[in-house]
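Next one to model:
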Amino acid sequence: MTLTPAAFPSARLRRTRQSAALRGLVRENTLTVEDLIWPVFVRDGEGVEEPIASMPGVYRRSVDKIVEAAQEAADLGIPVICLFPYTDPSLKTADCAEAWNPDNLSNRATRAIKAAVPNIAVMTDVALDPYNIDGHDGFVENGEIVNDRTVEALVKQALSQADAGADIIGPSDMMDGRIGAIRTALETAGHHNVTLMSYTAKYASAFYGPFRDAVGASGALKGDKTTYQMDPANSDEALRLVARDLAEGADMVMVKPGMPYLDICRRVKESFGVPTFAYQVSGEYAMIQAAAQNGWIDGERAMIESLMAFKRAGCDGILSYFAPMVARKIGQ
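Prediction:
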């Protein structure tokens, strides 16, 4: 039933904006610490916290420092920490074998976190780009990023992460059929409770630049990723991808990047009603931080406003480099 609102002056919509108490009473969406996943970068060494120039306030951390970050996240109430490795260039090869090495950076960090901070969930990334001499998410053959051979490698990578104790595995590669192959392999190996958060609608975006700096993939990348990541002009295709990944065994789906694709978040949530996440990617973070550092915007307010946009669009959670800052703000 559609109601016709009262006319002015009987209806004064400013009435419920007059005080913080009234604004809080009628607020439609709420951002909580439980909505946050904190992406962090792990590197080799000990006692290392290395600043990333293109991402102010973000660091590459050695495993011991990643454990400290996980404890900080748990103390703040952040439920999930997500690992991305900065792989030594000498370990990047055409066969990407380091991706499923039980003792690679990601797996060592996972085991260390689960031993020291068992109450926080660990999410890992499944894709070959941190280990690929070509910088791509899949194997390159005669200039083509091949699908089926890549999926076989991604299965091995996912199994190694599950064996290390990962709670959530996030395939970010955008190969066809990888969710079904990974889910089948996990079930066969007895990893029945490992959750799959599929990077379902991952766009070929210009907003990933600082991330590629952070994981050391920028210099290695040959060409672009437009043959496997989504065309930014497409929307209906995202729904087809969500339907496919859910049918193959995804537990949760993700839209990436975030703010430029809020319409996709809304369509996914309304169409499927499944746990829907967005990744506020490195370029989004860097723009807000750079503008704030130049005094052009109020960085703290812009941070909260940007994350609230995801909630308003229907997201159940957000991966954001702002996570610890937001958690402290909410805690205040």
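
Show me what counts as buried in the longest helix anywhere in the chain.
Under DSSP state H, the helix in the chain containing the largest number of residues is helix 148-164. Using 16 or more other CB atoms under 10 Å as the test for burial, helix 148-164 gives 150-151, 153-164. (Glycine included, C-beta is placed from N, CA and C.)

Packing partners of that helix?
helix 105-116, strand 121-126, strand 168-171, helix 178-188 (3 or more CB pairs under 8 Å, 6 or more residues apart in numbering; DSSP states H and E).

Run me through the strand neighbours of the third one, direction for each.
Next to strand 168-171 in the sheet, as set by DSSP bridges, lie strand 121-126 (parallel), strand 195-202 (parallel).

Go through these and pick out the most buried.
Highest mean neighbour count among the strands paired with strand 168-171 (mean count of other CB atoms under 10 Å): strand 195-202, with a mean of 25.

I'd like the mean pLDDT over that strand, please.
Taken as a whole, strand 195-202 has an average pLDDT of 98.

what's it in contact with?
Residues outside strand 195-202 that contact it (CB atoms under 8 Å, 6 or more residues apart in numbering): 123, 167-174, 179, 182-183, 186, 229-230, 238, 241-242, 245, 249-256, 261, 264, 268, 277, 279.

where in the stretch 101-250 of the chain is pLDDT low?
Residue ranges of the stretch 101-250 of the chain with pLDDT under 70: 217-220.

so who does G57 touch?
Here G57 is in contact with 289, 321, 325 (criterion: CB under 8 Å, 6+ apart).

What number of residues are in the vicinity of E144?
Using other CB atoms under 10 Å, E144 has 10 neighbouring residues.

Just list the residues touching it, thanks.
If you count contacts by CB under 8 Å, 6+ apart, E144 has them with T227.

again with the one 5 residues further on
The contact partners of R149, by CB under 8 Å, 6+ apart, come to 138-139, 141.

before we move on, what about L36?
The neighbours of L36, taking CB under 8 Å, 6+ apart as the test, are 78-80, 317-318, 320, 323, 326-327.

Next, it: phi, psi?
As for L36, its main-chain torsions (degrees, to the nearest 10) stand at phi -110, psi 140.

now it, which residues is it bridged with?
As for beta bridges, L36 partners with I318 under DSSP bridges.

how far away is it from M123?
Between L36 and M123 the distance, using CB to CB, to the nearest Å, works out to 12 Å.

now swap in F8 and tell me
Distance, F8 to M123, by CB to CB: 50 Å.

re earlier: export the buried residues of helix 148-164 as CSV, with columns for distance to G24.
Below are these laid out as CSV (distance: CB to CB, whole Å):
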residue, distance to G24
T150, 49
V151, 48
A153, 50
L154, 45
V155, 48
K156, 50
Q157, 45
A158, 43
L159, 47
S160, 46
Q161, 41
A162, 42
D163, 46
A164, 43
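
which of the residues you listed lies closest to A20?
Nearest to A20 among the buried residues of helix 148-164: Q161, at 44.4 Å, using CB to CB.

Excluding chain neighbours, what is closest to the closest one?
Among residues not flanking Q161 along the chain, T124 sits closest, at 4.4 Å (CB to CB, 6 or more residues apart in numbering).

Just the ones in helices from the contacts of L36, please.
323, 326-327.

Just the buried subset of the residues you listed, written out for PyMOL, thanks.
Restricted to buried positions by 16+ other CB under 10 Å, the PyMOL selection for the ones in helices among the contacts of L36 reads:
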select buried, resi 323+326+327
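
tell me which of the contacts of L36 is nearest to F211?
The shortest gap between F211 and any of those belongs to S320, at 12.7 Å (CB to CB).

show me what contacts the closest one?
When contacts are counted by CB under 8 Å, 6+ apart, S320 touches 36-39, 279-280, 285, 307, 326.

now those residues: which count as buried?
Buried residues within these, counting neighbours by 16+ other CB under 10 Å: 36-39, 279-280, 285, 307, 326.

in the stretch 151-300 of the chain, which spans are helices?
178-188, 209-215, 236-248, 262-272, 282-293, 299-312 (DSSP state H, counting those that start in this stretch).

Which one, of those, ends up nearest to Y131?
Closest approach to Y131 among the helices of the stretch 151-300 of the chain is made by helix 209-215 (10.2 Å; CB to CB).

residues in contact with the closest one?
41, 52-55, 58, 60, 84-87, 129-130, 135, 218, 221, 281-283, 285-286.

hang on, the earlier thing: any chance of the contacts of G57 in CSV, plus pLDDT and distance to T30?
Listed next are the contacts of G57 as CSV, based on pLDDT from 0 to 100; distance: CB to CB, whole Å:
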residue, pLDDT, distance to T30
Q289, 97, 24
Y321, 97, 21
M325, 97, 18
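
Please name the residues that touch Y131.
Neighbouring residues of Y131 by CB under 8 Å, 6+ apart: 87, 91-93, 96-99, 104.
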